[in-house]
Structures are given as structure tokens and as C-alpha cells.
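A.B. asks: Show me how the following folds:
(2 chains)
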Amino acid sequence: MGAEVITVSTDTKFVHLAWQREEKMLKDVTYPMGADPTGKVSRMFGVYDEATGLALRGTFIISPEGKLLNSEVNFYNMGRNIDELIRKFKANLHLAKHANEGCPSKWKEEGDKTLKPSAKMVGKVYEAYEGK
Amino acid sequence: MSETCCLQVGQDVPDFKLETFEPTKGDFGETSLETLKANKKWTILLFYPADFTFV
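C.D. replies: Down below sits the predicted model:
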């Protein structure tokens, strides 16, 4: 996909190794598994749960310049939707090249309609989006 | 709340370092935002509660 994916929990790298080797669901995992036993990085992103010492299910996209562009946090009991993550990542790639455009909620991939905010569009987003 | 909890979308992320286990190498490694930026990489961080649970 063109991004460095890093998974992070407050487990140590030793536990990551043991888990990846033991759990058959993880046999095809290729991404680095980050260890944050002190919770320092988890705290930086606001996902550290002081009560449990664990990290909430946070998803963050950072640009090559180091800017935080997307943030999503789920509670422990809800998984993430990978399709939405890929949509956000593709939209970031598009917007990095087309800074004057916006990707609307229905934007899914390159080629889909974007919007260029302007005074003319105020109150006329429907017409701009539907081309009417 | 801790004072370092206030990173918001649109802000520059302070440098961070993480020790890693790298399944492709079967070895330990290290990564940092500084390195990722130097390599012009987009970074996706996926936090989860704990190993040996469902992700």
C-alpha cells in the first residue's frame, strides 16, 4: 500500500515474538510489531488507559513530513474496519498532490469526485457534487 | 490526564522510538519517526490492548 504499518501494544518485543510464533493467525504478518511497555508512545497519542496499563484500539496516519492526519480510537471490544483505513490512506495520497481539493465522505478511490471549496459553492454543495 | 496527551490531528508528531519484533527477519529491531521521515514514509500506527488476545 506504500505505507509503513506498525502495530503497537504495551507488551515487550519478547512477547511479540512469542505471540507471532505461536498464533497461527499471525503467520503471514510482515509489519514490525512495536513494543511500548512504558506506555510513552501510547500516552503521546492519547490511547493509554491508566486504569489497565493497556492501549485502546487507536489508528493514526502520519504523513512523510511527520504530521498527524487521521485519528480514530475504538474501545477494547470493537475491531477496526480495514476498508475505511485504506480509504483514508488513499485520500491522503490524493490530497497530498491536490492541496486545494477536498475528498467528500463518499470518496473511495482515485478518480472519484472531489470538491474544491470556494465562495461559489457555499450552500450549493449538492449542485457541485451532483454536477447539476 | 497526563500533559502529553494532547496531540491533535493537523499537528506535527514529536519524535518517538519503539523497539520492535520484525516477523520478516525473525529478529528484534528499532523504529523511530525520525527514521520514517528520513525515508519519506507514510506511517500507520495501529494500537491494540494486548498480545494473545484478538486484534
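
A.B. asks: ok, which stretches of chain A are strands?
C.D. replies: A:3-9, A:33-35, A:48-49, A:54-55, A:57-62, A:68-74 (DSSP state E).

A.B. asks: can you pull the buried residues of the worst-scoring helix or strand of chain A on mean pLDDT?
C.D. replies: None of the helices or strands of chain A scores lower by mean pLDDT, DSSP states H and E than helix A:125-130, at a mean of 84. Neighbour-count burial for helix A:125-130, with 16 or more other Cβ atoms under 10 Å in any protein chain shown as criterion, is recorded at A:Ala128. Just so you know, the C-beta spots here come from the backbone N, C-alpha and C atoms, and that holds for glycine as well.

A.B. asks: Identify all contacting residues around it.
C.D. replies: Contacting residues not belonging to helix A:125-130 are listed as A:104, A:113, A:115, A:121, A:132 [Cβ atoms under 8 Å, 6 or more residues apart in numbering or on different chains].

A.B. asks: again, but for stretch A:8-18
C.D. replies: A:19, A:33-37, A:39, A:41-42, A:48, A:53-55, B:18-21, B:28, B:45-52.
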